[in-house]
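Colleague: Please work out how this folds:
(6 chains)
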Protein chains: 6
Amino acid sequence: MTPPTGATASRAAPAPIEYADASPEVRAIYDDIMATRKTDWINNFWKYLAHDPQNLRRIWSDLKEVMGPGALDPLTKELLYVAVSITNGCRYCIASHGANAWTKGMSAAQYGELLGIVGLANQTNRLAVALDVPVDDRFR
Amino acid sequence: MTPPTGATASRAAPAPIEYADASPEVRAIYDDIMATRKTDWINNFWKYLAHDPQNLRRIWSDLKEVMGPGALDPLTKELLYVAVSITNGCRYCIASHGANAWTKGMSAAQYGELLGIVGLANQTNRLAVALDVPVDDRFR
Amino acid sequence: MTPPTGATASRAAPAPIEYADASPEVRAIYDDIMATRKTDWINNFWKYLAHDPQNLRRIWSDLKEVMGPGALDPLTKELLYVAVSITNGCRYCIASHGANAWTKGMSAAQYGELLGIVGLANQTNRLAVALDVPVDDRFR
Amino acid sequence: MTPPTGATASRAAPAPIEYADASPEVRAIYDDIMATRKTDWINNFWKYLAHDPQNLRRIWSDLKEVMGPGALDPLTKELLYVAVSITNGCRYCIASHGANAWTKGMSAAQYGELLGIVGLANQTNRLAVALDVPVDDRFR
Amino acid sequence: MTPPTGATASRAAPAPIEYADASPEVRAIYDDIMATRKTDWINNFWKYLAHDPQNLRRIWSDLKEVMGPGALDPLTKELLYVAVSITNGCRYCIASHGANAWTKGMSAAQYGELLGIVGLANQTNRLAVALDVPVDDRFR
Amino acid sequence: MTPPTGATASRAAPAPIEYADASPEVRAIYDDIMATRKTDWINNFWKYLAHDPQNLRRIWSDLKEVMGPGALDPLTKELLYVAVSITNGCRYCIASHGANAWTKGMSAAQYGELLGIVGLANQTNRLAVALDVPVDDRFR
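Modeller: Numbering: from 1, shown residues only, chains lettered A, B, ... in the order given. Below is the predicted model:
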């Protein structure tokens, strides 16, 4: 993070750290991000997170593991990420993981259905809580 | 809730309405739920929602359409429902749609990955907001 | 939804669908919205939702039923909508349903009290959870 | 919580403080709660909050002002409180303010409509965010 | 919002109320804010809240008491405020209380750790709910 | 959840995995948890998370790093964890990290102030969003 410069102690959100300005530690993580993703650019999330190299390293390590190859296919993983991000109202995350989903083959019809499910679940989640519905024995 | 005592009809939430006690209007919806799902029972959510038949009819109609056959496979739809429900902390919805997911073939490995993604997204959603990360041009 | 154009697979949020460019299916819903509301324009929410006509039709049908004439007066319904939207942090919804509330006669004093209640409830909701307060028998 | 054992005074949350065991400072607030509400009992929220008399006094003072007579009628105020509490998933608050609403004349039909609105708003709040819908000029 | 045109007094939210345009009642609170904080300016939150003097007075009174001298040091109080604000996604609150934290001596390392904790807690909060983990006896 | 009956291995959430029943992989992590914390027991969170060893390992690794020695003192770290957990309504997390905070020296007065701040921030977070307050230049 960039602490206040001079006398005006105020900056709470800093600027992105570009590759050229990055420390060797940060640059090594940027390199791994690009190599893992087979791309030549770094998206803003990492550049802003890089003010704390420990956070950058840990979060990237987590994401690399969680979103890597596994039992769920890559597109389904992105759809889940988008669904959570919509529910939490994270504009950046909806945009970035939405873009990932399009890249991985999401169709317009699939996106429309995802929106329908996210909207519906947010509705019934509240109703189930409001009505204090007990979990059915068959679901236990 | 403490509704006016003695006025059973005015109780909006407290007890489930069983099939035997349901009005013809509610019973018709219960019948459609069982026919659509090819089961012989109604889970608690609908029995508690049935105190307001209009809500029961509308929400069931929505769910039938949204969770019905489409561009996303049935298991993926349930996974998305579970991911949203976890994020919102709806115990009933996690249990019911989790059960649906198991029934539709979710493996333990897939569930483990879903948990990993939901946890990670909840983490990065907050970090992206905290850092006020601007959406990259490439994501627009 | 607007799927990726050409090689840059990225657009996660598309553009509004204007009446002139809408399909007959979408246009029919737009017509119903304007007729029901006795206005000659469509607000952005529907124009963005229209990329998936099924979502457009279902959500409009839900809203028409839920916000239509009933046991709660129209202004109270809008106030409730605004209170939920503030709690969820939906800027668009606060603006649109807030505008509806003003149109339906909300006074500045009423809006001030709504803000007071929403703020207070968000405060006590957290305190009740933090203290794990058991529900009093008299409230059951 | 596991506070230092034996140090009752240092327990911040675990048990309700009954009137008979309350300090004069807390008892005075309990008296004001009962006098204001014209009842002879104190609900659990205040008894758990009373471990910190300053919080008890401040929150009660806020609630007394916000929920007191004003431009919105008493029932509408309770409905708004319930709507927010459902959205936040506060079981205690739904029960207590729901009971208040029944006492103040809420009908089953009104409660059914409130549930419909809260569910719908939670749905459209997410969709508006997902679609990044810009606020219409007419709403500004 | 689109309040009744021409009725400036009924506008509840749209513009800040500057000191020069404030009523004596509002001006007195502004004076107390500046005196308490030993500054010569009022930040936007209060200027927007001032459309409802009762809310302005009550919220300021609450904040003055809660954030005033006590058992937690001033910086820790601001850190807690920022952590909650990030979790709720309040951009304004993150910026204002983040600025306060820098002013009160928060280091870049401390802010990095705060971000790490907030992200992690948001992650494990969801996992604990998803897994329906019962509270250990030792924690009761 | 109702996993395929008889297939214990496929159950992802339902029961805790005790040390005696744990795989060598899981047991090694349990050992590290106990060694790091200098205790002889494992709390439920890890025992439920252990159904997916990869999640167990990653989340523990994250927590060990984030909550380990750093620029913020151990008690402040727990206070921040509790504040976020209250805001998210995670009963288990409030109890477990609350217990940690008591163990690390939190006083009843400090806990009372934490509750006050969390409640207040949840209140003002909503108000700032409702009023759409622009960030002051001095806070940028």
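
Colleague: Near chain C, which residues of chain A are found?
Modeller: Within reach of chain C by CB under 8 Å from any CB of the partner chain, chain A has these residues: A:89, A:94-95, A:98-99, A:101-103, A:107-109, A:111-112, A:115-116, A:119. For the C-beta atoms, the positions are set from N, CA and C on the backbone; glycine is no exception.

Colleague: Which PyMOL command selects the buried ones in the residues you listed?
Modeller: In PyMOL syntax, the buried subset of the residues of chain A next to chain C is picked out as below (16 or more other CB atoms under 10 Å in any protein chain shown):
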select buried, chain A and resi 89+94+95+98+99+101+102+108+111+112+115+116+119
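
Colleague: And the residues of chain A next to chain C, which is closest to chain F?
Modeller: If you rank the residues of chain A next to chain C by distance to chain F using CB to the nearest CB, residue A:89 comes first, at 10.2 Å.

Colleague: For the residue nearest to that closest one when sequence neighbours are not counted, what are phi and psi?
Modeller: Sequence neighbours aside, residue D:129 is the residue nearest to residue A:89 in space, at 4.9 Å (criterion: CB to CB, 6 or more residues apart in numbering or on different chains). The phi and psi values for residue D:129, taken as degrees, to the nearest 10, are phi -70, psi -40.

Colleague: my guess is residue D:129 contacts residue A:88, does it?
Modeller: No - contact criterion CB atoms under 8 Å: residue D:129 and residue A:88 do not qualify, at 9.2 Å.

Colleague: Distance of residue A:115 relative to chain D?
Modeller: According to CB to the nearest CB, to the nearest Å, residue A:115 and chain D sit 6 Å apart.

Colleague: residues touching that residue, list them.
Modeller: Residues counted as contacts of residue A:115 (CB atoms under 8 Å, 6 or more residues apart in numbering or on different chains) are A:86, C:52, C:55, D:127, D:130-131.

Colleague: just to revisit the earlier point, in contact with the residue nearest to residue A:89, which residues?
Modeller: Contacts of residue D:129 by CB under 8 Å, 6+ apart are A:86, A:89, A:91, A:94, C:90, C:92.

Colleague: which one of those residues is nearest residue A:24?
Modeller: Closest to residue A:24 out of the contacts of residue D:129 is residue A:91 (32.3 Å), distances taken as CB to CB.

Colleague: For that closest one, give me its contacts.
Modeller: Counting by CB under 8 Å, 6+ apart, residue A:91 has contacts B:135, D:129, D:132.

Colleague: So the second one versus chain E, what's the distance?
Modeller: Distance check for residue D:129 against chain E: by CB to the nearest CB, it reads 10 Å.

Colleague: State the distance from that residue to residue D:98.
Modeller: Distance, residue D:129 to residue D:98, using CB to CB, to the nearest Å: 28 Å.

Colleague: now do residue A:105
Modeller: Counting by CB to CB, the gap from residue A:105 to residue D:98 is 46 Å.

Colleague: Over to residue A:46?
Modeller: From residue A:46 to residue D:98 the distance is 46 Å (CB to CB).

Colleague: Greatest separation within the contacts of residue A:115: which pair is it?
Modeller: A:86 and C:52 (14.2 Å).

Colleague: Quick check on those two: which one has the bigger neighbour count.
Modeller: More crowded of residue A:86 and residue C:52, by other CB atoms under 10 Å in any protein chain shown: residue A:86, with 28 against 22.

Colleague: Now do the phi/psi pair for the closest residue to the more buried one other than its chain neighbours.
Modeller: Distance criterion CB to CB, 6+ apart; nearest residue to residue A:86, sequence neighbours excluded, is residue D:130 at 4.4 Å. Note on residue D:130: its backbone torsions stand at phi -60, psi -40 [degrees, to the nearest 10].

Colleague: For burial, what's the neighbour tally of residue A:97?
Modeller: Residue A:97 is flanked by 26 other residues according to other CB under 10 Å.

Colleague: where does it fall, phi/psi-wise?
Modeller: According to degrees, to the nearest 10, residue A:97 has phi -80, psi -20.

Colleague: so what pLDDT did it get?
Modeller: Residue A:97 is assigned a predicted lDDT (pLDDT) of 98.

Colleague: Let me see the contact set for the residue most central in space within chain A.
Modeller: Geometric centre of chain A, nearest residue: residue A:93, 4.7 Å, by CA atoms, centre = their mean. For residue A:93, the contacting residues are A:81-82, A:85, B:121, B:124-125, B:128, by CB under 8 Å, 6+ apart.

Colleague: from the residues you listed, which two are the most distant?
Modeller: A:82 and B:128 (13.3 Å).

Colleague: Between these two, which has more neighbouring residues?
Modeller: Neighbour tally, residue A:82 and residue B:128, criterion other CB under 10 Å: the higher count belongs to residue A:82, 30 against 26.

Colleague: Show residues contacting stretch A:16-25.
Modeller: With contact meaning CB under 8 Å, 6+ apart, stretch A:16-25 is reached by A:26-27, A:30, A:42, A:44, A:47-48, A:50-51, A:53, A:57.

Colleague: Inside helices: which ones of these?
Modeller: A:26-27, A:30, A:44, A:47-48, A:53, A:57 (DSSP state H).

Colleague: Might you specify the subset of the contacts of residue D:129 located within strands?
Modeller: Within the contacts of residue D:129, no residue falls in strands by DSSP state E.

Colleague: Residue D:14: which of the residues you listed is nearest?
Modeller: Closest to residue D:14, out of all of the contacts of residue D:129 and judged by CB to CB, is residue A:89, at 34.4 Å.

Colleague: check contacts around the closest one.
Modeller: C:88-90, D:126, D:129, E:89.

Colleague: Tell me the one of those residues nearest chain B?
Modeller: For those, the nearest to chain B is residue E:89 (4.9 Å; CB to the nearest CB).

Colleague: Ramachandran coordinates for residue A:104?
Modeller: Torsion angles, degrees, to the nearest 10, at residue A:104: phi -90, psi 10.

Colleague: For it, give its distance to chain E.
Modeller: Residue A:104 sits 24 Å away from chain E, going by CB to the nearest CB.

Colleague: To what extent is that residue buried, counted in neighbours?
Modeller: 15.
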